[in-house]
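Chemist: Coordinates for the following, if possible.
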Amino acid sequence: MTTRDRYESEALAADAGSDPVRVLLVAERPSVGDRAAAAIEDRGERFAVTSADDAAEALGAVDAGEVDCVVSGYDLPGMDGMEFLRAVRDRVGDLPFVLFTARGSEAVASRAVAAGVDEYLPLRDADGVAEDGTADDEPADTDRPDDETTDTDRPDDETTDTDRPDDEPTDADPYAALAERVDRAVSRSRTEHQETEHLDRMTDAFCGIDESWRLTYLNERARELLERDAGELLGERIWDRFPTLRGTRIETEFRDAVASGEPTAFEYHFEGPDLDFAIDAYPSDTGLSVYFRDVTDERERERELRELSERFRLAVEGADVGVWDWDIRTDEVRFDERWAGMLGYDKSEIAFELSEWEDRVHPDDLAEVWAALEAHFAGETEYYRCDHRMEAKSGEWKWIRDRGRVVERNDDGEPVRAVGIHIDVTEEKERERDLERYRRLVDEFPNPVALYDADSRFAVVNDRLTEVYESTPEELVGRKSPLLRRLRETREDDPFAALVAGDREAVSGTIELDLPERSDAIIDFTLRRLVIDGEFDGVLAVSRDVTEKRRRQRALERTSARLEALFEDSPDMVDIHDKAGEIVDANPVMAAELGYDREELVGMDVWEIDTELDPQTGIDLWQSIEMGETRRLETTFRRADGTTFPVEVQVRRVDVQGDDRFLATSRDISERKAYERRIERENERLDEFASIVSHDLRNPLNVLSGYLRLARETGNDSYFDRCDTALDEMERLIDDVLTLARQGDAVGSVDPVPLDELATRYAKDAVGSIDGDEGDESAEPIEVAVETEHDVLADPGRLKRLLQNLFRNAAEHGGDRIVVGDLPDGFYVADDGPGIPEDRRDEVFESGHTTSESGTGFGLAIVERIAEAHGWEVTLTEGDDGGARFEFTGVDRP
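Modeler: The predicted structure follows:
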């Protein structure tokens, strides 16, 4: 361990010393336990001793995690001290364990050390006799197994009773010695824990090596770098585990450090994994502490930097590049010989001043140059870049490509020093001007124009050609020409090669060519050899697109694609059939709606799905449709499962490549038909109301008129009573008619309604006035039995009226008992009255139908309308007691 590590460990141990220490004591005898506990607690306030009667109880405390140190005797109930020690190690491998026993002997000591005890202390009196009467030289454990370690087998670094520190109490006070051993074991354990945590948190890799070159510790970083498990390496000699290290600098440095006692630091490159490590080794009395760090990336960056610097030096020396170095604070600029020579000067003719550069920059370019410099100084650009003109010694203007960068700034971020280069690009600028002339010339042509180099690559292209290839000049220049490639594929000779070689001056022709987004384009072309200043400069190509017919064809194809998309994605059912009625195609919607696979529909006849169409009628209909005309009709389609639904069909006759085809678009109109039926029912209801008002009200009006006339003629007041009766009948009739009209409206919102509470609450109101005449107390009331506990989703007011009408109907027809009960999907109301014959059950729901002298004939009609408004179905059957049973199905429950 290094001096630095030892100081850190001592500091960690000092911090750990203030934490409470929980000692578990398992003594051989109570008297020994009491004295040992007292001695340990006297050692310091931080010690707290808990005693256990036997090893089993002690193991429970260890499992609970409430122990920092175990003190144990040897002769324990149930198991001996060695067995107890092994059980503790199985649970907590590094828990400090002190064996304090009157059964002391060299054999016991050896077994304890071999089993991993931290401290061993025999309990003896001042004469060296154990408390059980055994002397030091008596063999106490003759049955030790052959493989147990003896005292002579003990490693040199193991602490025994003879290795006691000088300041430890002697055997004359064995309990004080015990307290010292406990303190030492706990402190050592906590220090090791702290050291382990410290080493594992280090970013450097660390390993410990003992005096026999065995690996004793590896922190987490070391295990990562070595890509090994600690279990594979700990206890192994490094020269055995890593034989490739023998004879290397690592072995030399490590052995020299151990021999001299002086630390060493060096770097080593591993060839296999190609890694560089910085290694620090610190020798100590117990071995070597080694820190190593992966510096591969750092060394790689250093190597790259050296290589880059060398390449830059060689590039500057081998190219026509001038270098400048500008001290921005003093405006001193150092120019090298190439910089001066670029402008025709000797270096001695150029002063190291900024003005030497600034005075030579073209006045028209100076503002742009300073703008680029200031943008870079402000940090807006990574580099200073600008092309400008500079005046040479001869007076001519040279184009200079100026590049530079700030390499030093002060604490305020202001630039202090900048370096850069000058490159003469005059010839490049001249070539750019010539190329621009070419470009402007060819861009004026109305047809695509290109200049090919000798390798059949685009050298210059005009805007018309970029439009043809749907590209840009930058993307086309340098690419092989598709036209020339196609020309070589279709000709036995190579006309382009003949142009390049000068064997031909021009080539013309027509060729089919695949262009972007345009296949089989027909192109007229002319190729001409271009010579400038007596030298071959390329092949000039002028072409013309003659594919108007093909463009029209592509437009037709796109239209067909759109129609196909409409056919496939239409929300309506679409099919195409021939003049004989055979379906030749159908869209996915039609297949889904009819329940067929698409392949099944193709080949079927139209009348197989149209239930109202026979073959001859269909053929006659289709023949009567003109080309391009659309006919609309309504019919009924049959699904694959046999169910039917109404549809609206629009049939259009079309010409498909000379053949008659019929495009049929069909739409499900079930909802519309349902709406029409609902309107018809409403109209019927209005007619019904008109009939009631005109007919049923006329009878009580005639009665009222007759009795009023008789009362007037005779003066008999009894006729007025009959007039009141007629008026009551009219009032009830009008009330039922209005109810009938209103209860037929569809229900908007519904609520959960407890059917049992509603039936119980309104039963008396409905039947009470019909049980007998007013004042007739002898009349028997009608019994209402509620046999349901379910809620239904309904309009509470309308459901109340439905029940009231059914209860009143039962009372009016002589029933004595009414039952309200459950059905699987609804409920029923049954009575024990005379019932209704089966052949007359459909009549009871008609308005005005009654067999009771006191009824208006609208009660059950209202019941049916309320059920329909909820979407329920009402059925009249015979009850269990022979009466009428009204069943309501299709009822939703919450």
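Chemist: Quick one: the strands in the stretch 701-850 of the chain, in order.
Modeler: 751-754, 783-787, 791-794, 817-823, 826-831 (DSSP state E, counting those that start in this stretch).
Chemist: Need the winner for burial among the ones you listed.
Modeler: By mean neighbour count, with neighbours taken as mean count of other Cβ atoms under 10 Å, strand 826-831 ranks first of the strands of the stretch 701-850 of the chain at a mean of 24. Backbone N, C-alpha and C define where each C-beta goes, glycine included.
Chemist: Just give me the lowest mean pLDDT stretch among the strands of the stretch 701-850 of the chain.
Modeler: The weakest mean pLDDT among these belongs to strand 783-787, with a mean of 88.
Chemist: Ramachandran angles for the residue positioned nearest the centre of the chain?
Modeler: With distances taken as Cα atoms, centre = their mean, the residue of the chain nearest its centroid is residue 569 (30.7 Å). When read as degrees, to the nearest 10, the backbone of residue 569 gives phi -100, psi 0.
Chemist: And it, how far from residue 588?
Modeler: Noted for residue 569: a distance of 9 Å to residue 588, by Cβ to Cβ, to the nearest Å.
Chemist: now do residue 788
Modeler: To residue 588, residue 788 is 47 Å away according to Cβ to Cβ.
Chemist: Of these two, which one has the most company?
Modeler: Comparing residue 788 with residue 588 by neighbour count (other Cβ atoms under 10 Å), the higher total belongs to residue 788, at 17 against 14.
Chemist: I'd say the more buried one and residue 822 touch.
Modeler: Yes: with contact defined as Cβ atoms under 8 Å, residue 788 counts as touching residue 822 (4.7 Å).
Chemist: what about the closest residue to residue 50 other than its chain neighbours, neighbour count?
Modeler: Spatial nearest neighbour of residue 50, excluding adjacent residues (Cβ to Cβ, 6 or more residues apart in numbering): residue 24 at 5.6 Å. Other residues near residue 24 come to 23 when the count uses other Cβ under 10 Å.
Chemist: and residue 24, which of the three is it?
Modeler: Under DSSP: H, G, I helix; E, B strand; the rest coil, the three-state class of residue 24 is strand.
Chemist: hang on, it packs against residue 65?
Modeler: No: at 11.5 Å, residue 24 does not count as touching residue 65 under the criterion of Cβ under 8 Å.
Chemist: Domains in this structure, by residue range?
Modeler: Here the domain assignment for the chain is 3-196, 204-299, 319-424, 430-547, 570-666, 669-722, 744-889, based on automatic domain parsing.
Chemist: Quote the end-to-end distance of the fifth one.
Modeler: Using Cα to Cα, to the nearest Å, the end-to-end distance of domain 570-666 comes to 11 Å.
Chemist: Show me where the stretch 501-650 of the chain dips below the pLDDT cut-off.
Modeler: For the stretch 501-650 of the chain, residues meeting the criterion pLDDT under 70 lie at 517-518, 549-564, 566.
Chemist: Helices of that one, residue ranges please.
Modeler: For the stretch 501-650 of the chain, the helices defined by DSSP state H, counting those that start in this stretch occupy 548-569, 588-594, 598-601, 615-623.
Chemist: sorry, back to before: can you add distance to residue 881 and give the strands of the stretch 701-850 of the chain back as TSV?
Modeler: Output for these, formatted as TSV (distance: least, Cβ to Cβ, whole Å):
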stretch	distance to residue 881
strand 751-754	26
strand 783-787	11
strand 791-794	24
strand 817-823	7
strand 826-831	7
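Chemist: about what we covered before: mind giving me TSV with the domains of the chain and columns for distance to residue 307?
Modeler: Below are the domains of the chain laid out as TSV (distance: least, Cβ to Cβ, whole Å):
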stretch	distance to residue 307
domain 3-196	38
domain 204-299	12
domain 319-424	18
domain 430-547	30
domain 570-666	65
domain 669-722	80
domain 744-889	83
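Chemist: and those, which one is worst for confidence?
Modeler: domain 3-196 (a mean of 68).
Chemist: Tell me which other helices or strands the longest strand anywhere in the chain touches.
Modeler: Using DSSP state E, we find that the single longest strand of the chain is strand 518-532. Under the contact definition 3 or more Cβ pairs under 8 Å, 6 or more residues apart in numbering; DSSP states H and E, strand 518-532 sits against helix 495-501, strand 506-515, strand 535-545, helix 548-569.
Chemist: can you list contacts of the first one?
Modeler: The set of residues external to helix 495-501 that reach it, using Cβ atoms under 8 Å, 6 or more residues apart in numbering, is 452, 454, 456, 484, 487-488, 504-507, 527-529, 536, 539.
Chemist: go again using 6 Å as the cut-off
Modeler: 454, 484, 504, 507, 529, 539 (Cβ atoms under 6 Å, 6 or more residues apart in numbering).
Chemist: Among those, the buried ones, what's the PyMOL command?
Modeler: In PyMOL, this line selects whichever of the contacts of helix 495-501 come out buried by 16 or more other Cβ atoms under 10 Å:
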select buried, resi 484+504+507+529+539
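Chemist: Widest-spaced pair of the contacts of helix 495-501?
Modeler: For the contacts of helix 495-501, the maximum inter-member distance is 15.3 Å, found between 454 and 507 (Cβ to Cβ).
Chemist: roughly how far apart are the residue sitting furthest away from the middle of the chain and residue 722?
Modeler: For the chain, the largest distance from the centre (Cα atoms, centre = their mean) belongs to residue 714, which lies 97.6 Å off. Relative to residue 722, residue 714 is positioned 13 Å away (criterion: Cβ to Cβ).
Chemist: Residue 362 now?
Modeler: 128 Å.
Chemist: Also residue 713?
Modeler: 14 Å.
Chemist: Show me where the stretch 301-450 of the chain has its helices.
Modeler: So, for the stretch 301-450 of the chain - with DSSP H, counting those that start in this stretch - the helices run 337-342, 354-358, 363-377, 426-443.
Chemist: which residues sit in contact with residue 321?
Modeler: Going by Cβ under 6 Å, 6+ apart, residue 321 touches 421, 423.
Chemist: rerun that using 10 Å as the cut-off
Modeler: 312, 315, 336, 338, 339, 342, 401, 403, 421, 422, 423, 424 (Cβ atoms under 10 Å, 6 or more residues apart in numbering).
Chemist: go on, residue 452?
Modeler: By Cβ under 10 Å, 6+ apart, the contact set of residue 452 is 458-461, 480-481, 483-484, 496, 499-500, 527, 530, 538-541.
Chemist: Can you check which of the helices of the stretch 301-450 of the chain gets nearest to residue 783?
Modeler: Checking the helices of the stretch 301-450 of the chain against residue 783 by Cβ to Cβ gives helix 363-377 as the closest, at 102.3 Å.
Chemist: Which elements pack onto the closest one?
Modeler: Identification of packing neighbours for helix 363-377 by 3 or more Cβ pairs under 10 Å, 6 or more residues apart in numbering; DSSP states H and E yields helix 354-358, strand 384-391, strand 397-409, strand 415-424.
Chemist: List of residues touching it?
Modeler: Contact with helix 363-377 is made by 326, 328, 357-359, 361-362, 380-390, 397, 399-400, 402, 404-406, 409, 413-415, 418, 420, as judged by Cβ under 10 Å, 6+ apart.
Chemist: Send over that helix as CSV, restricted to the C-alpha atoms.
Modeler: Taking Å, rounded to 0.1, in the frame of the first residue of the first chain, the C-alpha atoms of helix 363-377 are listed here in CSV:
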residue,chain,number,x,y,z
PRO,A,363,-10.1,48.7,-53.7
ASP,A,364,-13.3,47.1,-55.0
ASP,A,365,-12.5,44.0,-52.9
LEU,A,366,-11.3,45.6,-49.7
ALA,A,367,-14.7,46.1,-48.0
GLU,A,368,-15.6,42.5,-48.6
VAL,A,369,-12.3,41.3,-47.2
TRP,A,370,-12.6,43.3,-44.0
ALA,A,371,-16.3,42.2,-43.6
ALA,A,372,-15.1,38.5,-43.8
LEU,A,373,-12.3,39.2,-41.3
GLU,A,374,-14.5,41.0,-38.8
ALA,A,375,-17.2,38.2,-39.0
HIS,A,376,-14.5,35.7,-38.1
PHE,A,377,-13.1,37.9,-35.3
